[in-house]
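Asks: just to be clear, the model below is a prediction. Sequence and coordinates:
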Amino acid sequence: MTSELLILYYEPSESGDFDEAIDITDIVEELQISSSLDSQPGQASLTIVGDQNEYVMGACIQVLDGDRGVFMGYVFTVSMSNEAKVRLTALDQCRYLKNQDTFVLEPMTVDALFKKICSEWKLNQGTVDSSSHTCKASIHEGKSIWDVVTQYCEETFVETGKLFIVRDNFGSLELRDVENLHTELLIDDVSVINQYNYEVSIDKNTYNQIKIGKDNKAKNERAWVVVKDSNTIKQWGVLQYHKKLSEETKDATLEKYAEKLLKTYNRFTQTLTLNCLGDFALSAGSGIQIQLDAIKSTSENQNYIVKSCTHNIKNALHEMQLELVMDRI
């Protein structure tokens, strides 16, 4: 491990608290920490050598880089091999957002919903950024917490243009506006290790025609709103997005929703994947600037959001794999 890295293991006690920390830094051969915007919890995978102790489910794992808390989670999987190695997989607090329930919700903002969920499910709440949009009342039957929060985030994005994400920050569950997660970090040709791949596509999340509808059960009909960009349709053909909203949705909201979706998705996507020197300041949702000579002429801008991030630490070398998407916000 790197000289500043500290890895601590806490076994749960019968009282529900945790016993004293055990420093396992020296017996961890390899550490991988990953995060993603795809509604998945953050994960730490540790490969332990030369130790036959029994590791228990629910134990707490903390990873620190000097004074910076990098990861905090709980052991969900223990695996062993004939190579006398133990592999621990710890997931952060976001794992508990997979719990399913029935939700009957009054009109509220996404931040109010988030605080309500943290309180009711006894999750450790951290920073919560505020939203100005009040989402409509709704009922969600047999849905996961993450599904419900994601729906509120999507509605908020449509109405305000603000993109909110949920993440765990060293044991504190946060709801953040990605505008507040921009970093000062710059990745250029010097900092890139090995190779990178830059892709421009109209095959992924690109739409130039938006069709939004809602039912009118009283009249036994369905109303539709269609907005499109004739210029890009001539270039690319029709790439249609289709969605049905609830019957309670106002007609003006249908039009507004369709226009905002067209504005967001009527462009090609830019995805950049690369390996570079690791920096724990980056995780899923972070904003970063890219300056690579090979893509300057093709990229609309050099600002990207981290879609997924995997830190690999082995033999005192810290590298990271990043999947970056163009910042459309």
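Replies: Happy to help now that I have it.

Asks: how about the helices in the chain?
Replies: 110-120, 145-160, 230-236, 251-265 (DSSP state H).

Asks: show me the contacts for Phe170.
Replies: 62, 69-72 (Cβ atoms under 8 Å, 6 or more residues apart in numbering). Yep, even glycine has a C-beta here, placed from its N, CA and C like the rest.

Asks: how about 10 Å then?
Replies: 42, 62-64, 68-73, 92-93, 126 (Cβ atoms under 10 Å, 6 or more residues apart in numbering).

Asks: from these, pick the one nearest Met326.
Replies: Gly42 (23.3 Å; Cβ to Cβ).

Asks: distance of the closest residue to the closest one other than its chain neighbours relative to Phe170?
Replies: Nearest residue to Gly42 in three dimensions, chain neighbours excluded: Asp92, at 4.0 Å (Cβ to Cβ, 6 or more residues apart in numbering). Distance from Asp92 to Phe170, counting by Cβ to Cβ, to the nearest Å: 9 Å.

Asks: if I pick the closest residue to Arg167 other than its chain neighbours, what's in contact with it?
Replies: Distance criterion Cβ to Cβ, 6+ apart; nearest residue to Arg167, sequence neighbours excluded, is Glu174 at 5.4 Å. By Cβ under 10 Å, 6+ apart, the residues touching Glu174 are 93-94, 114, 118, 125-129, 165-168, 181, 285.

Asks: okay, now the closest residue to Thr89 other than its chain neighbours: neighbour count?
Replies: Take Thr89 and drop its neighbours on the chain: the residue closest to it by Cβ to Cβ, 6+ apart is Thr77, 4.0 Å away. Per other Cβ atoms under 10 Å, the neighbour tally for Thr77 reads 12.

Asks: so Thr77 sits right up against Ala59, yeah?
Replies: No: at 11.5 Å, Thr77 and Ala59 do not qualify as touching, with contact defined as Cβ atoms under 10 Å.

Asks: what's the overlap in contacts for these two?
Replies: 88, 90.

Asks: which residues touch Tyr196?
Replies: Counting by Cβ under 10 Å, 6+ apart, Tyr196 touches 187, 189, 272-276, 290, 292, 294-295, 322, 324.

Asks: look up how far Thr183 lies from it.
Replies: Distance from Tyr196 to Thr183, by Cβ to Cβ: 19 Å.

Asks: how close does Lys204 sit to Met326?
Replies: Using Cβ to Cβ, one obtains 12 Å as the distance from Lys204 to Met326.

Asks: just Glu174 next, same as before
Replies: 24 Å.

Asks: do Gly171 as well
Replies: 31 Å.

Asks: neighbour count for these two, which is higher?
Replies: More neighbours surround Met326 than the other of Gly171 and Met326, with 20 against 16 (other Cβ under 10 Å).

Asks: count the neighbours of the closest residue to that one other than its chain neighbours for me.
Replies: Leaving aside its sequence neighbours, Met326 sits nearest to Gln270 (Cβ to Cβ, 6+ apart; 4.0 Å). By other Cβ under 10 Å, the residues close to Gln270 number 21.

Asks: so Gln270 sits right up against Val325, yeah?
Replies: Yes: contact criterion Cβ under 10 Å: Gln270 and Val325 qualify, at 7.1 Å.

Asks: residues shared between the contacts of these two?
Replies: Jointly contacting Gln270 and Val325 under the rule Cβ under 10 Å, 6+ apart are Tyr304.

Asks: flag the shaky bits of the stretch 1-150 of the chain, pLDDT-wise.
Replies: 1-3, 52 (pLDDT under 70).

Asks: domains of this protein?
Replies: Listed by automatic domain parsing, the domain ranges of the chain are 5-91, 96-178, 189-201+274-326, 209-265.

Asks: that older thread, taking the contacts of Phe170, please make a ChimeraX selection of just the buried ones.
Replies: Per 16 or more other Cβ atoms under 10 Å, the buried members of these correspond to this ChimeraX selection:
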select :42,62,63,64,70,71,72,73,92,93,126
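
Asks: extract the CA atoms of stretch 41-57 and return them as PDB.
Replies: What follows is stretch 41-57, C-alpha atoms only, in PDB (Å, rounded to 0.1, in the frame of the first residue of the first chain):
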ATOM      1  CA  PRO A  41     -23.400   1.400  -4.000                       C
ATOM      2  CA  GLY A  42     -19.700   2.300  -3.600                       C
ATOM      3  CA  GLN A  43     -17.600  -0.700  -3.200                       C
ATOM      4  CA  ALA A  44     -14.200  -1.600  -1.700                       C
ATOM      5  CA  SER A  45     -12.500  -4.900  -2.600                       C
ATOM      6  CA  LEU A  46      -9.600  -6.000  -0.500                       C
ATOM      7  CA  THR A  47      -7.300  -8.900  -1.100                       C
ATOM      8  CA  ILE A  48      -5.700 -10.100   2.100                       C
ATOM      9  CA  VAL A  49      -2.700 -12.400   2.300                       C
ATOM     10  CA  GLY A  50      -1.000 -14.300   5.100                       C
ATOM     11  CA  ASP A  51      -3.900 -14.000   7.500                       C
ATOM     12  CA  GLN A  52      -6.200 -16.800   8.500                       C
ATOM     13  CA  ASN A  53      -8.500 -14.800  10.900                       C
ATOM     14  CA  GLU A  54     -12.200 -15.100  10.400                       C
ATOM     15  CA  TYR A  55     -13.800 -12.100   8.900                       C
ATOM     16  CA  VAL A  56     -17.400 -11.500   9.700                       C
ATOM     17  CA  MET A  57     -20.400 -10.100   7.800                       C
END
